[in-house]
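> Pasting the sequence and the predicted coordinates here, then a few questions.
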Amino acid sequence: MQNNTVYYNDYLQLDKILNAQQPESSKKGNKPAHDEMLFIIVHQACELWFKQILFEIDSVIVIMSKPALNDNSPDLQTIVHRLNRVITILKILVQQIDIMETMTPMDFLDFRDMLRPASGFQSWQFKIIEAKLGLKFEHRHGQHYYTSQLNEKDIAAVKDAEKNKSVIELLNTWLERMPFINEPSFWVNYNSISGKKENPVFWNDYEHIYINSLAEGEKNNETFFKEIFNASPINKDRQLSPFACRSALFIMLYHGYPMLELPFQLLDKLIEIDNQFGNWRNRHINMVQRMIGTRIGTGGSTGAGYLKSAMDKHFIFKELSQLNSFLIERKNLPVLPKELTEKLGYNF
């Protein structure tokens, strides 16, 4: 077999990468602005990291799209590992803002007007990341502005991503398949606390315990509880069904059992991805306020004001985070029957 020599420069295509910085301020007739090179390189680095995030998310979607996903298989371990990589990349993206902030507002003004109407808002990769994770167009902030700032090719790419199954939709399907709460054979020897015998007996007990644990100022949570876990018909504004939410909460409550350890890590990683996106957006807002104050963005948005509104609305896995409102103390958890604990502990 022929052994082709690989050269570092060629393998990384450094000639393309290192010649991809073409500052507007360096073009004929403009006064060179030193910090524009930094501005370009930081944004190019962001787009490269976005590409890697998309690569990881695509692989997760492929695995989660399988007809059956073993909850303690190498596949699930791979999903958790790659989501953790996404989290680590997002942390790096937040740290890159530190580098950007070595540029002063006056440094930015040296070339800012030359960028119009280009804007970070036109990052189609970032919007595809949001779409593939589960942010639907109807839930986006500033929908008209969103479509008006992209060219037709990029709009089509984002719309195409929105048509396919997202991570949160696949998560819902996976959670709905979990049998533990609704499988009668697991609960034959269960001692009911509420006295209700109809299935699912565990859920009847848990609702009883939770509602009786609420302080006076928390009584509204009883209504919230029923809306999320017992809603009929299903609220179409939510992406996780009542049954999926029950399964997710069960995982959170009993994740100490080996069978639920990886499922819990999966839920935890998705919540952390939302947190890191929130950190990135918050740092971005602070940077924009520092750089341009109350002026509009180069793309015509309201600048920091637009970013704040988008940050409040674009939490994709908030329905998972909400479930923490319905946890109870470990000492008050229903004692699971032997038939189920053996299943959850691999003793079968």
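Great, that's in hand.

> For the stretch 51-200 of the chain, give me the ranges with low pLDDT.
The stretch 51-200 of the chain contains residues with pLDDT under 70 at 72, 141-147.

> Helices along that one, start to end?
74-100, 105-109, 124-133, 143-148, 152-163, 167-176 (DSSP state H, counting those that start in this stretch).

> Reformat those as CSV; add distance to Glu272.
All C-beta spots, glycine's among them, are computed from the backbone N, C-alpha and C. Formatted as CSV, the helices of the stretch 51-200 of the chain follow (distance: least, CB to CB, whole Å):
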stretch, distance to Glu272
helix 74-100, 5
helix 105-109, 32
helix 124-133, 13
helix 143-148, 26
helix 152-163, 22
helix 167-176, 13
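
> Save those helices as JSON lines, and put in mean neighbour count and distance to Phe202 too.
Listed next are the helices of the stretch 51-200 of the chain as JSON lines, based on neighbours: other CB atoms under 10 Å; distance: least, CB to CB, whole Å:
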{"stretch": "helix 74-100", "mean neighbour count": "16", "distance to Phe202": "23"}
{"stretch": "helix 105-109", "mean neighbour count": "14", "distance to Phe202": "58"}
{"stretch": "helix 124-133", "mean neighbour count": "21", "distance to Phe202": "31"}
{"stretch": "helix 143-148", "mean neighbour count": "12", "distance to Phe202": "42"}
{"stretch": "helix 152-163", "mean neighbour count": "14", "distance to Phe202": "37"}
{"stretch": "helix 167-176", "mean neighbour count": "19", "distance to Phe202": "16"}
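
> Between the ones you listed, which one is closest to Pro263.
Closest to Pro263 of the helices of the stretch 51-200 of the chain is helix 74-100 (CB to CB; 7.4 Å).

> and the gap between Gly195 and Asp205?
In this view, Gly195 and Asp205 are 9 Å apart by CB to CB, to the nearest Å.

> And what about Gly217, helix, strand or coil?
Under DSSP: H, G, I helix; E, B strand; the rest coil, Gly217 falls in the helix class.

> For it, grab the count of nearby residues.
Residues within reach of Gly217, counting by other CB atoms under 10 Å, total 7.

> same check, this time on Gly195
Using other CB under 10 Å, Gly195 has 9 other residues around it.

> Tyr7 too?
For Tyr7, using other CB under 10 Å, the count is 8.

> 726 is where my numbering starts, stick with that
In the new numbering, first residue 726, that becomes Tyr732.

> tell me what the lengthiest helix in the chain is packed against?
Secondary structure assigned by DSSP state H gives helix 983-1017 as the longest helix of the chain. Here helix 983-1017 touches helix 799-825, helix 830-834, helix 892-901, helix 967-978, helix 1029-1038, helix 1043-1046, helix 1063-1069, going by 3 or more CB pairs under 8 Å, 6 or more residues apart in numbering; DSSP states H and E.

> Distance to Leu739 for the ones you listed - can I get that in JSON lines?
What follows is the helices and strands packed on helix 983-1017, written out as JSON lines (distance: least, CB to CB, whole Å):
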{"stretch": "helix 799-825", "distance to Leu739": "20"}
{"stretch": "helix 830-834", "distance to Leu739": "27"}
{"stretch": "helix 892-901", "distance to Leu739": "34"}
{"stretch": "helix 967-978", "distance to Leu739": "46"}
{"stretch": "helix 1029-1038", "distance to Leu739": "34"}
{"stretch": "helix 1043-1046", "distance to Leu739": "41"}
{"stretch": "helix 1063-1069", "distance to Leu739": "52"}
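
> Tell me which of those helices lies nearest to Ala745.
helix 799-825 (17.3 Å).

> can you give me the angle the closest one makes with helix 849-858?
On the basis of axes from the mean of the first three to the mean of the last three CA atoms, to 10 degrees, helix 799-825 is oriented at 150 degrees to helix 849-858.

> for helix 799-825, the distance to its chain's centre please.
Chain-centre distance of helix 799-825: 11 Å, with CA atoms, centre = their mean, to the nearest Å.

> now it and helix 892-901, what's the angle there?
Using the same axes, to 10 degrees: helix 799-825 against helix 892-901 is 150 degrees.

> buried set for stretch 736-750?
748, 750 (16 or more other CB atoms under 10 Å).

> Span of that stretch from start to end?
31 Å (CA to CA, to the nearest Å).

> what's it in contact with?
Stretch 736-750 is contacted from outside by 733-734, 755-758, 761-762, 765-766, 769, 835-836, 839-840, using CB atoms under 8 Å, 6 or more residues apart in numbering.

> who wins for most neighbours among those residues?
Glu761 (24 neighbours).

> tell me the pLDDT at it?
Per-residue confidence (pLDDT) for Glu761: 95.
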